[in-house]
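**Q** what shape does this take:
(2 chains, ligands or ions: 2)
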Amino acid sequence: MKLRFWGTRGSLPVALTAADVRVKLARALVAAQGRNFADEAHAMAWLQADLPFAVGGTYGGHSSCVQVVCPGEEFIVCDAGSGLRPFGGHAMAARAGKPGVYHLFMSHLHWDHIMGFPFFTPAYIPGNIINIYGGHADLEHAFRRQQAVPSFPVDFDLLRADIRFHTLEPGRDYDIAGCRVRCKLQMHAGDSYGWRFEHAGRAAVYSTDSEHKLEHLDTTLSFVEFFRDAKVVVFDAMYSLADAISVKEDWGHSSNVIGVELAQLAGVEHLVLFHHEPVFGDERLATIEAETRRFEEITRNERPALKISAAWDGLEIDV
Amino acid sequence: MPLPATRYADVLVLPVSGHIDHLVSDTFLADLMPYAESCRSGGDALVLDMAGLEYISSAGLRVLMQFSKKVRPAGGRVVIASMQKMVREVFDITKFTALFPIYENTPAALAALSPAAVRAHAAG
Ligand SMILES: [Zn+2]
Ligand SMILES: [Zn+2]
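**A** Ligands and ions are numbered 1, 2, ... in the order given. The predicted structure is shown next:
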């Protein structure tokens, strides 16, 4: 299994501005002083190896969309944020004109998690089958409403793919596209669901838009069980802990530190910080990533090291 | 088990120690909350002396947040003293550093809170 991140930003997509790009270029030029590059490939190799990611790259701007790459021809995707648009282009190229089967697992129906669907080209093409799964009963309503007048020019009824909605039960195992899939109810305005995918004895968990109030031990332990022994957990780390449990209490999001603690208790191998605050620039996200690694280090004790990454659009992780 | 407080005039010094994680945070809350009553405007100020605190998880930090939410609107003063390096780092990473005045040790905290408490401390 593999995870491929198409959209990692929380709440609202963001784009780099000209000023942001210039700062990166200026820093790269200063860092490259005295070096000669034969061609672009050499320059590319140097900037990938030697420049900090926040200078040579960007965490990216699309809202939530993560592909679970399983063996087999069918596609599995978590959430239909704006990252679903580039995913759609990638999937169509991979199918090379043949119809495809898509399985979309929805954390919930807030706008940042469904906004990519009207731009998902496979939905317009007859022959494609798109299964949309969620814990919510009103899945179809949310998808139809965002394409209704006056919000979008193409009504949902004009989509030519065969689109099917499935409301799944939390805590039950389903076999879908060669994976064992289970969802768990999470705390978020209007509810959200985390998803656990298992294949060939390995597990990946997608748990975004999920607040952990730390009020009840039972609730905490139920998440430890849901994350248990996962190779990778994608975790809503939008706020600092202090914000998440004070001024932004009940806003429905969590923090890097709670992610580390749950992952440590659950024996997770790799924690991926996700649903980045749209106000934060690359430097700030890089700092959060470094601080989270440090937090893991000082609280590790006898446990094996937990790997930590801040997700970025384009990141691929082996499960 | 209630925390053994030491009084210096109008300041109470509470030792916070051990390993405070999700399993014991409820007990920590129950131990701490009784002091919220006297910590208000015109009442006692509080120093949480963390010299013996080795670890505090998010659930333990949440208790400190709840305590602060209770005493602050009542005009109560609560400060932290004597943090170990690791706990200090946890406060920095979680951004809890901004939520409490933090002092090197208890005498420094007393000096910031109350001249009477400094005298009482000096008198032993
Ligand atoms: Zn969201
Ligand atoms: Zn949401």
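**Q** so who does A:Arg27 touch?
**A** A:51, A:55 (Cβ atoms under 8 Å, 6 or more residues apart in numbering or on different chains). C-betas here are computed from N, CA, C, even on glycine.
**Q** leaving out chain neighbours, which residue sits closest to A:Phe117?
**A** In this structure, A:Phe117 finds its nearest non-sequential neighbour in A:Ala80, 4.5 Å apart by Cβ to Cβ, 6 or more residues apart in numbering or on different chains.
**Q** from A:Met106, how far out is the one you found?
**A** 7 Å (Cβ to Cβ, to the nearest Å).
**Q** and what of A:Asp157?
**A** Counting by Cβ to Cβ, the gap from A:Asp157 to A:Met106 is 20 Å.
**Q** who's more crowded, these two?
**A** Using other Cβ atoms under 10 Å in any protein chain shown, the more surrounded residue of A:Asp157 and A:Met106 is A:Met106, with 27 against 8.
**Q** export the helix or strand encompassing A:Ala45 as CSV, just CAs?
**A** Element membership for A:Ala45 (DSSP states H and E) is helix A:40-50. Only the C-alpha atoms of helix A:40-50 are listed here, as CSV (Å, rounded to 0.1, in the frame of the first residue of the first chain):
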residue,chain,number,x,y,z
GLU,A,40,18.5,22.1,-14.7
ALA,A,41,18.7,18.5,-13.6
HIS,A,42,21.9,19.2,-11.6
ALA,A,43,20.3,22.3,-10.1
MET,A,44,17.2,20.2,-9.2
ALA,A,45,19.2,17.5,-7.6
TRP,A,46,21.1,20.1,-5.4
LEU,A,47,17.9,21.9,-4.3
GLN,A,48,16.2,18.6,-3.4
ALA,A,49,19.2,17.3,-1.4
ASP,A,50,20.6,20.5,0.2
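**Q** go through it and flag the buried ones.
**A** By 16 or more other Cβ atoms under 10 Å in any protein chain shown, the buried positions in helix A:40-50 come out as A:46-47.
**Q** elements contacting that helix?
**A** Helix A:40-50 sits against no helix or strand, with contacts defined as 3 or more Cβ pairs under 8 Å, 6 or more residues apart in numbering or on different chains; DSSP states H and E.
**Q** list the helices and strands whichever helix or strand comes after that helix packs on?
**A** Once the chain leaves helix A:40-50, the next helix or strand it forms, by DSSP H and E, is helix A:53-56. Secondary-structure packing of helix A:53-56 (3+ Cβ pairs under 8 Å, 6+ apart): helix A:18-31, helix A:282-298.
**Q** so what's the closest residue to ligand 2 within chain B up against?
**A** Residue of chain B nearest ligand 2, by Cβ to the ion: B:Ser58 (21.1 Å). If you count contacts by Cβ under 8 Å, 6+ apart, B:Ser58 has them with A:214, A:241, A:245, A:255, A:257-258, A:261, B:22, B:94.
**Q** tell me the one of these nearest ligand 2?
**A** Distance to ligand 2 across the contacts of B:Ser58 (Cβ to the ion) is lowest for A:Ser255, with 15.7 Å.
**Q** next, the buried residues of the lengthiest helix in chain B.
**A** Across chain B, the longest stretch assigned as helix under DSSP state H is helix B:58-71. Under the neighbour-count criterion of 16+ other Cβ under 10 Å, helix B:58-71 has B:58-68, B:70-71 buried.
**Q** run a quick neighbour tally on whichever residue of the stretch 101-250 of chain A sits closest to ligand 2.
**A** Closest residue of the stretch 101-250 of chain A to ligand 2, Cβ to the ion: A:His110 (3.5 Å). A:His110 is flanked by 21 other residues according to other Cβ under 10 Å.
**Q** need the contact list for it.
**A** Per Cβ under 8 Å, 6+ apart, neighbours of A:His110: A:189-190, A:209.
**Q** for it, what are phi and psi?
**A** Main-chain torsions, A:His110, degrees, to the nearest 10: phi -60, psi 160.
**Q** got it, and A:Ala38?
**A** Dihedral angles for A:Ala38 - degrees, to the nearest 10 - are phi -60, psi -40.
**Q** swap in A:Met115?
**A** The phi/psi pair for A:Met115 (degrees, to the nearest 10) is phi -60, psi -20.
**Q** tell me where chain B has strands.
**A** Using DSSP state E, the strands assigned to chain B run over residues B:6-8, B:11-15, B:18-20, B:45-49, B:53-56, B:78-81, B:102-103.
**Q** quick one: distance of the third one to the chain centre.
**A** Think strand B:18-20. 14 Å (Cα atoms, centre = their mean, to the nearest Å).
**Q** which residues of the stretch 151-300 of chain A lie near chain B?
**A** Residues of the stretch 151-300 of chain A lying close to chain B by Cβ under 8 Å from any Cβ of the partner chain are A:214, A:217, A:220, A:240-243, A:245-246, A:255, A:257-258, A:261, A:291-292, A:294-295, A:298-299.
**Q** helix/strand/coil for A:Phe152?
**A** coil (DSSP: H, G, I helix; E, B strand; the rest coil).
**Q** isn't it right next to A:Pro118, touching?
**A** Yes: counting by Cβ atoms under 8 Å, A:Pro118 is a contact partner of A:Phe152 at 5.3 Å.
**Q** which neighbours do those two have in common?
**A** Joint contacts of A:Phe152 and A:Pro118 (Cβ under 8 Å, 6+ apart) are A:Gln146.
**Q** the helices in the stretch 1-150 of chain A, which residues?
**A** Remark: helices assigned in the stretch 1-150 of chain A by DSSP state H, counting those that start in this stretch are A:18-31, A:40-50, A:53-56, A:84-95, A:111-114, A:139-146.
**Q** gap between the third one and the chain center?
**A** Going back to what we said before, that points to helix A:53-56. On Cα atoms, centre = their mean, the centre of helix A:53-56 falls 20 Å from that of its chain.
**Q** bridged to the most centrally placed residue in chain B, which residues?
**A** Nearest residue to the geometric centre of chain B (Cα atoms, centre = their mean): B:Leu48, 2.2 Å. In this entry, B:Leu48 is beta-bridged to B:Leu14, B:Ile80, by DSSP bridges.
**Q** need the contact list for B:Leu53.
**A** Contacts of B:Leu53 by Cβ under 8 Å, 6+ apart are B:16-18, B:20, B:83-84, B:87.
**Q** swap that for B:Ser25, please
**A** B:Ser25 neighbours (Cβ under 8 Å, 6+ apart): A:214, B:57, B:59-60, B:62-63.
**Q** what lies in contact with the helix or strand of chain B with the lowest mean pLDDT?
**A** In chain B, no helix or strand scores lower on mean pLDDT, DSSP states H and E than helix B:34-38, which sits at a mean of 87. Residues outside helix B:34-38 that contact it (Cβ under 8 Å, 6+ apart): B:2-3, B:5, B:12, B:14, B:44, B:46, B:67, B:70-71, B:76.
**Q** what's the closest non-adjacent residue to A:Val66?
**A** Nearest one to A:Val66, counting by Cβ to Cβ, 6+ apart, is A:Cys78 at 4.5 Å.
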